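Student: what follows is a predicted protein model with its sequence.
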Amino acid sequence: MKKSIVFSIIIPIRKPNAYLKETLEKLKKQSFKQFEVLVITDKISKTSNPAAKRNLGAKMAKGEYLAFLDDDSYPHSNWLKNTHKILNKYPKLSAVCGPCLTPPTDNFFQQASGLVWSSYLGSGGAGTYRNKISPKRFVNDFPTVNLIVNKKDFNTIGGFDTSHWPGEDTLLCLDLTHKLKKQILYHPSIIVYHHRRSVVIKHLHQITRYAIHRGHFARVFPQTSLLPGYLAPSFFTLYIIVLLTINIININLSIPSILINLPLFSYLFLLLLTVIQFIFEKHSILLSLTAVVTIPLTHLYYGLLFMYGFFLKKLDFKPHEYNKKDGSYIGG
């Protein structure tokens, strides 16, 4: 007798590309076989909106669970096997998720971006566990690059909010945890590999979307976005601006210089500890230094755009640009 479908894997994409081909090849090697794959393109959905594509995929899905992947990611061979085991153990969970690791095949500059994301300082502590294997925990926000949701709960909350990208996953998780009062479990065995954007231009280009949306969400959805880890880069940016102003204008303050510069010295010390950590984790010195140099650039850029997003009255959806010949994405 044919076994029923447990997981419906949904992958939104503008046009098939090389990364999608890799994803589909990896899915063939899943140790758990009771799944289907739904690739939703612009042509199928008649839209460039990823959230709308995921909603369409959910309507087409035959599985009990909706397993969301990005088209530039691929799962570990035991991704679904481990997920199924956890869901059987915790049947009342609304969703599960796991770490999104940098693929070993990514080039030097992609690896550097991956180190930034996986480090506590680089991600502000707000998302380290998302990009590095960490102890299991309950979370209230997780990206759709590796998120498996109970289809009944997904339908109950009405699916994804199609007015946002990125950020549609944040709102989905907010609805699951606050409206339905359900739980989302992060487990280190649910592993997906996520290709990074090369430092520094493509890396910062990607940061643009994340920072503006997170800043806006910090004001309109503070439950999961008004957090110290997301706010810290903006405070650091403001501090650097004030520090530069004091030195350029040569303002004579009554506060001792050591106190004024203490936050900067502390930050530089944390950067030193981070590069030591990278080297201790057996990354090359050059790769470690490249990642550490990228961290303050990331913080300053994110900090400015977070503040910009915070004061925006409305966010307009802008689709990801892509090369119409090979389907590859342009920018970050």
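Tutor: All right, it came through fine.

Student: give me the low-pLDDT residue ranges for this protein?
Tutor: 1-2, 125, 253-254, 332 (pLDDT under 70).

Student: which parts of it are strands?
Tutor: 7-12, 35-40, 65-69, 73-75, 95-97, 100-101, 137-139, 146-150, 184-186, 192-194 (DSSP state E).

Student: now the second one: buried residues?
Tutor: This points to strand 35-40. Judged by neighbour count using 16 or more other Cβ atoms under 10 Å, the buried positions of strand 35-40 are Phe35, Val37, Leu38, Val39, Ile40. From N, CA and C alone the C-beta is placed, and that goes for glycine too.

Student: my guess is Gly229 contacts Leu121. True?
Tutor: No: using Cβ atoms under 8 Å, Gly229 is not in contact with Leu121, being 10.6 Å away.

Student: the chain - how does it break down into domains?
Tutor: 7-99+134-197, 220-310 (automatic domain parsing).

Student: and the spatially most central residue of the chain, what is it in contact with?
Tutor: For the chain, the residue nearest the mean C-alpha position is Pro143 (5.0 Å; Cα atoms, centre = their mean). By Cβ atoms under 8 Å, 6 or more residues apart in numbering, the contact set of Pro143 is Cys100, Arg130, Pro166, Asp169.

Student: for the first one, which non-adjacent residue is spatially closest?
Tutor: It stands for Cys100. His194 (4.1 Å; Cβ to Cβ, 6 or more residues apart in numbering).

Student: for that neighbour, give me its contacts.
Tutor: Asp70, Asp72, Ser73, Cys100, Leu101, Thr102, Pro103, Asn131, Val145, Asn146.

Student: ok, now with 7 Å
Tutor: Asp70, Asp72, Ser73, Cys100, Val145 (Cβ atoms under 7 Å, 6 or more residues apart in numbering).

Student: in JSON lines: those, plus distance to Thr156.
Tutor: Supplementary listing: the contacts of His194 in JSON lines, determined by distance: Cβ to Cβ, whole Å:
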{"residue": "Asp70", "distance to Thr156": "24"}
{"residue": "Asp72", "distance to Thr156": "30"}
{"residue": "Ser73", "distance to Thr156": "27"}
{"residue": "Cys100", "distance to Thr156": "26"}
{"residue": "Val145", "distance to Thr156": "23"}
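
Student: pick out the most distant pair among these.
Tutor: Distance extremes for the contacts of His194: the farthest pair is Asp72 and Cys100 at 10.6 Å, using Cβ to Cβ.

Student: these two: which is more packed in?
Tutor: Shown here are Asp72 and Cys100; by other Cβ atoms under 10 Å, Cys100 has more neighbours (26 against 22).

Student: bridged to that one, which residues?
Tutor: Val192 (DSSP bridges).

Student: right, and it touches Phe142 too?
Tutor: No: taking Cβ atoms under 7 Å as the definition, Cys100 is not a contact partner of Phe142, at 9.4 Å.

Student: which residues do the two both contact?
Tutor: Shared contacts of Cys100 and Phe142 (Cβ under 7 Å, 6+ apart): Arg130.

Student: dump the buried residues of strand 35-40 to a markdown table, plus distance to Gln111.
Tutor: Shown next, in a markdown table, are the buried residues of strand 35-40 (distance: Cβ to Cβ, whole Å):
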| residue | distance to Gln111 |
| --- | --- |
| Phe35 | 30 |
| Val37 | 28 |
| Leu38 | 31 |
| Val39 | 28 |
| Ile40 | 30 |
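
Student: if you count neighbours, what's buried in stretch 70-87?
Tutor: 70-84, 86-87.

Student: please flag which of those sit within helices.
Tutor: The members of these that map onto helices under DSSP state H are Trp79, Leu80, Lys81, Asn82, Thr83, His84, Ile86, Leu87.

Student: and these as JSON lines, adding distance to Val293?
Tutor: Shown next, in JSON lines, are these (distance: Cβ to Cβ, whole Å):
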{"residue": "Trp79", "distance to Val293": "33"}
{"residue": "Leu80", "distance to Val293": "38"}
{"residue": "Lys81", "distance to Val293": "40"}
{"residue": "Asn82", "distance to Val293": "36"}
{"residue": "Thr83", "distance to Val293": "37"}
{"residue": "His84", "distance to Val293": "42"}
{"residue": "Ile86", "distance to Val293": "38"}
{"residue": "Leu87", "distance to Val293": "42"}
